[in-house]
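Peer 1: sequence and predicted structure are below.
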Amino acid sequence: MNPFECEFESDALAAALQSRFPERVDADLRAHVAGCAICSDVVAIAGAVDDAREELRERAVVPDSGRVWWLAQVRARREAAEAAGRPITAAQIIAFACAVGVLGACFGATSTRFQSALGWIASSVAAIDAKAVLVSAMGMLVQHGALFLAMAVVFFLVSTAVYLAVGRD
């Protein structure tokens, strides 16, 4: 049965990682590594890893410190601006919703057509005659089609404006 560990394995690994093997180690360790399968594998693998590390170190491109500092400053400013803008955006959305609500209330309070439409809806709900309500609604849609179209356009524009305001973040 082959052993899984060798008492000289750590010595061989240290010598290989410190680039001392085989020139700057004692003859006893060189002789042991030549005869021990475990230590020879450790030295071969450690040497390959060390060579690969040196290759990567030589090929690495490190930017100059001034550029790294400048990019860090730009990123910090951008993140600070975004953090400062979040409450402002929320306040703008709330103010926009309040303005639309006030505009709707003013429109509802001053428009006689709107008042009559609300009265018609209330009387239709009270009557609950589905066929008559449908015929009456179609008649109202024909009479006030421009008003309904304008309301749909305003609803679309308001929802699009809110989406775009929130979408910037």
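Peer 2: Perfect, thanks for sending it. Quick caveat, the model's predicted, so the values are computed rather than measured.
Peer 1: for this protein, which segments count as helices?
Peer 2: 9-17, 27-35, 37-59, 65-110, 112-127, 130-143, 145-167 (DSSP state H).
Peer 1: got CSV for those, with mean neighbour count too?
Peer 2: C-beta here means a position set from N, CA and C on the backbone, and glycine is covered the same way. CSV is the format used below for these (neighbours: other Cβ atoms under 10 Å):
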stretch, mean neighbour count
helix 9-17, 18
helix 27-35, 14
helix 37-59, 13
helix 65-110, 11
helix 112-127, 12
helix 130-143, 12
helix 145-167, 11
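Peer 1: which of the ones you listed has the lowest mean pLDDT?
Peer 2: Among the helices of the chain, helix 130-143 carries the lowest mean pLDDT, at a mean of 68.
Peer 1: would you map out the domains in the protein?
Peer 2: 9-59, 82-167 (automatic domain parsing).
Peer 1: among the ones you listed, which is nearest Leu71?
Peer 2: Relative to Leu71, the nearest member of the domains of the chain by Cβ to Cβ is domain 82-167, separated by 16.5 Å.
Peer 1: what distance separates the closest one from the centre of its chain?
Peer 2: 34 Å (Cα atoms, centre = their mean, to the nearest Å).
Peer 1: kindly report the same for stretch 80-99.
Peer 2: On Cα atoms, centre = their mean, the centre of stretch 80-99 falls 20 Å from the chain's centre.
Peer 1: with stretch 44-64 instead?
Peer 2: Using Cα atoms, centre = their mean, the distance between the centre of stretch 44-64 and that of its chain works out at 34 Å.
Peer 1: who touches that stretch?
Peer 2: Stretch 44-64 is touched from outside by Leu13, Ala16, Leu17, Ser19, Phe21, with contacts defined as Cβ atoms under 8 Å, 6 or more residues apart in numbering.
Peer 1: again, only using 7 Å
Peer 2: With Cβ atoms under 7 Å, 6 or more residues apart in numbering as the test, stretch 44-64 has contacts from Leu13, Ala16, Leu17, Ser19.
Peer 1: do the same with stretch 18-25
Peer 2: Ala15, Arg30, Val43, Asp50.
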